[in-house]
Each structure stands twice: as C-alpha cells, then as structure tokens.
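Visitor: predicted model, plus sequence, below.
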Amino acid sequence: MPLTFEPSVVESLQLDGSSRMAVDEMEKAFEYLQQLSAEVRTVSGSSEIIRSAHEITESGGDLGPIAIDLIRLKHELDHLVSIQCFKVTQIGIGFVQAINEANVLVAALCARSIHEHAAILSYLVHETANGIAKLERQKEGPKISLELKRFRKKLSKVFYGSTIKQTNRPPERVLHINTLRKRLALDIPGEIRDYSLLCEYVHPNYGSNLLLTKGELGEGILGSNEAIQLAVMKFLMLATTTKSKYVERGIQNLFVDGVKIMQFASIALDPATKVETLFVARKLKVLGDGKSAKSAFHFPNARNHHEHIEMQHRTLQKNGLRPGRKELRSEGGHWYDLHHTSKGNVWFRIPPDIFGDETGSE
C-alpha cells in the first residue's frame, strides 16, 4: 500500500514551501520503513556461525563463547529493529489513511503512537551505542562476557517490558514512556510541546471534544469543526514528519551498530585473535574518492565482509556525510555499494577476494 497523501488534502493545508518539502520527506521515510519491513519479516539465528564458534571453542579457541554471545546480541538487535520498523510502518499506514479521510481524531492517535515509538527507538539507539562503547573498553574475557550479559539485558527489557504479569517468564519492568521521552527531548527541540498537544487531542477532554463539535457546553453542534481541524491536521503533519525522519535515522544507526557487532564476532571467530585486541579497530586505509564507479572508495586492509561495511560507514562519517538509502550496483564486472547521502551519491567497490559471490549489503 503506497504511503502517500492525497494532493488535494495537502493543498488544503496551505503549507509553505519548506513545510511541503518536509511532508515529502515524511513520505520518503515511510516508504523506506515500508520497504524494510517488507524485506525483513523473520530473523534467523545464524546457526551455522554459532556451530563454527562451538567448533573453535572445542578446538581450543579462547573467544568462541564470546563470539556466540556477540552473534546472539546481533540477532536480538536485528529482531528489535525489525519490530520497530514494522510497527511504525503499520501505524504510518493508519496515519496516512486518517489524514486522507480528514479523520483528525484517528490521525492524532497514530501521530502520538509514532511519537512514542520514536522515544523507544531513541532509548535503543542510545543504549546500543553505549553498550558498544563499554565493550570496546574491555581487554579481559570475563569482563567482556559481563558487559555482553548487561547489553542483552537492556534489549530484553525493550522487548519483554510489560505491566502485565507473564506466566511463562520472569517479569521485565516496563520502560515508562516519560523516561523514554527524556532521551528523545535531547534530540528533538519542542518534543515536550508536541507530546502535550498530541495527548490533548487524543484524551477524552476539551482538546479532542473541540475537534468534533462547535459551540459551548449544552449548545454545541456535533460534527467536524473545520477551522480547528485544519490547524490540527497541519500540526499533525509537521510533528509526524519530524518523528518519522527521526525513526528512519535511528533505524539506519542501529543497522550500522549491528554491522559493527557482527564484525567483532567475525574477528572473535578467528583462532589467531587475542582477547586484548578483539575490539581494537583497524586503521582506516581508504583509496579512491567515491565520486564514481571508476574512482570508488575501497579498503585494501578490510579483513572481512562486516569490517568492510563498518569502514564504509566510518568513511561517510569522516567526510561529514549522513548515510541514507543504499543500493547494489554492478558495473564493468565489479560490484558496488552506492550510498545516497545527504550530499549526493558515494560509491564503494566491493572486493571479490573478501566476499566471493556475496555483496556488501547488510
């Protein structure tokens, strides 16, 4: 189902140029999330890699158990990202339909839900980055295992947190929305105002009453209050644009973090790896300028698939580029990752000696 707004509805909101462009960005964010949720409906548990880790452990490798925990951490993170992506897509479908039908009350409900999902994603992005940073500081096996246990506990709380008592597992205390919003407010100016208004429009009080009636108490006429609805719809569109774009960036950040975790696991699976050097990043050696397939960036010292992908994102960050959508290209007998960034397209050549028939896509 296309997540696009009816042109006549957008026109009726009388948005200025920058606001109209913002709405276009929201449609692109929803399209990106919809595409991802269609591609990833199940998360498998890399049993072959885990078996390899067990083999290394049995043959005397010191880091096999750590590799197993890193792989499990990666797939648990992937699962949470997929869930958030799928849920926001489903809510986005409801939001677009409600706006197109001028059902402002339902649109407000969907907008608040997207706001709250942006808040949980903010927490997940922050805790994942913090967890990786703590891992990278460890030089001893027992301390690495402890940090991995704590890391996976954070993810468990995001997935299992509930106010309803579970019969088949120990309870996880739910993460309160106001706690999550404090983190989101650090990233989005006006978060407090936006959430207060959204609550006003969905709670059974004067704000939501005003959307559906005209006049005073005892004298009101049930039906749409066109003037109020128009203003509220405009607010909902702009507020949801901010949150949907935030969700898109958060999903992209978590994909990069997942690649980094899998890179650690791949290095840990090498019997020659020592525990004290497991998290030492290889120096970034970059050839090319990334402006075309002919001059694509490439990394002669990347050891494996995941390290190559991590180096791609490190290069983008070093050049002040925010990653966006990515596609796989084949030109002149070579495979490339083409990143559509905030400042144009950037090319990365995928080395066949590392990947064989694989691609650089996460």
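Guide: Noted; the coordinates are in hand.
Visitor: buried set for the longest strand anywhere in the chain?
Guide: The residue-count maximum for a strand in the chain (DSSP state E) belongs to strand 334-341. Residues of strand 334-341 classed as buried: 335, 336, 337, 338, 339, 341 (neighbour count, 16 or more other Cβ atoms under 10 Å). The way it works is simple: take the backbone N, C-alpha and C, and place the C-beta from them, glycine included.
Visitor: if I read this right, the first one contacts residue 329, doesn't it?
Guide: Looking back up the chat, that one is residue 335. Yes. Look at residue 335 against residue 329 with Cβ atoms under 8 Å: they come within range, at 7.3 Å.
Visitor: what residue ranges in the stretch 151-300 of the chain score low on pLDDT?
Guide: 166-167, 170-171 (pLDDT under 70).
Visitor: which stretches of it form strands?
Guide: Counting by DSSP state E, counting those that start in this stretch, the stretch 151-300 of the chain has strands at residues 213-214, 221-222.
Visitor: among these, which is the most enclosed?
Guide: Of all the strands of the stretch 151-300 of the chain, strand 213-214 carries the top mean neighbour count, a mean of 16, counting by mean count of other Cβ atoms under 10 Å.
Visitor: mind giving me the packing neighbours of that one?
Guide: Judged by 3 or more Cβ pairs under 8 Å, 6 or more residues apart in numbering; DSSP states H and E, the packing partners of strand 213-214 are strand 221-222.
Visitor: quick one: contacts of the strand it packs on?
Guide: For strand 221-222, contacts defined as Cβ atoms under 8 Å, 6 or more residues apart in numbering pick out 212, 213, 214, 215.
Visitor: which residues in the chain form helices?
Guide: 7-12, 17-39, 47-58, 64-100, 104-136, 141-160, 177-187, 191-202, 206-212, 226-268, 305-318, 352-355 (DSSP state H).
Visitor: related to what we said a few turns ago, closest to residue 68 out of the strands of the stretch 151-300 of the chain?
Guide: strand 213-214 (60.1 Å; Cβ to Cβ).
Visitor: relative to residue 290, which of the helices of the chain is closest?
Guide: helix 305-318 (7.5 Å).
Visitor: name the residues that touch the closest one?
Guide: Residues contacting helix 305-318 (Cβ under 8 Å, 6+ apart): 256, 259-260, 262-263, 265-267, 282, 284, 286, 290, 297, 299, 302, 322-323, 337, 339, 341, 346, 348, 350-351, 354-355, 358, 360, 362.
Visitor: of those, select the buried ones using a ChimeraX command.
Guide: Applying 16+ other Cβ under 10 Å to those, the buried members can be selected in ChimeraX as follows:
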select :256,259,260,262,263,265,266,267,286,290,297,299,302,323,337,339,341,346,348,350,351,360,362
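Visitor: so residue 330 touches residue 337, yeah?
Guide: No. Counting by Cβ under 8 Å, residue 330 does not reach residue 337; the two are 11.2 Å apart.
Visitor: now tabulate the helices of the chain in CSV and tack on distance to residue 169.
Guide: Shown next, in CSV, are the helices of the chain (distance: least, Cβ to Cβ, whole Å):
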stretch, distance to residue 169
helix 7-12, 45
helix 17-39, 26
helix 47-58, 22
helix 64-100, 15
helix 104-136, 20
helix 141-160, 7
helix 177-187, 22
helix 191-202, 31
helix 206-212, 37
helix 226-268, 24
helix 305-318, 31
helix 352-355, 39
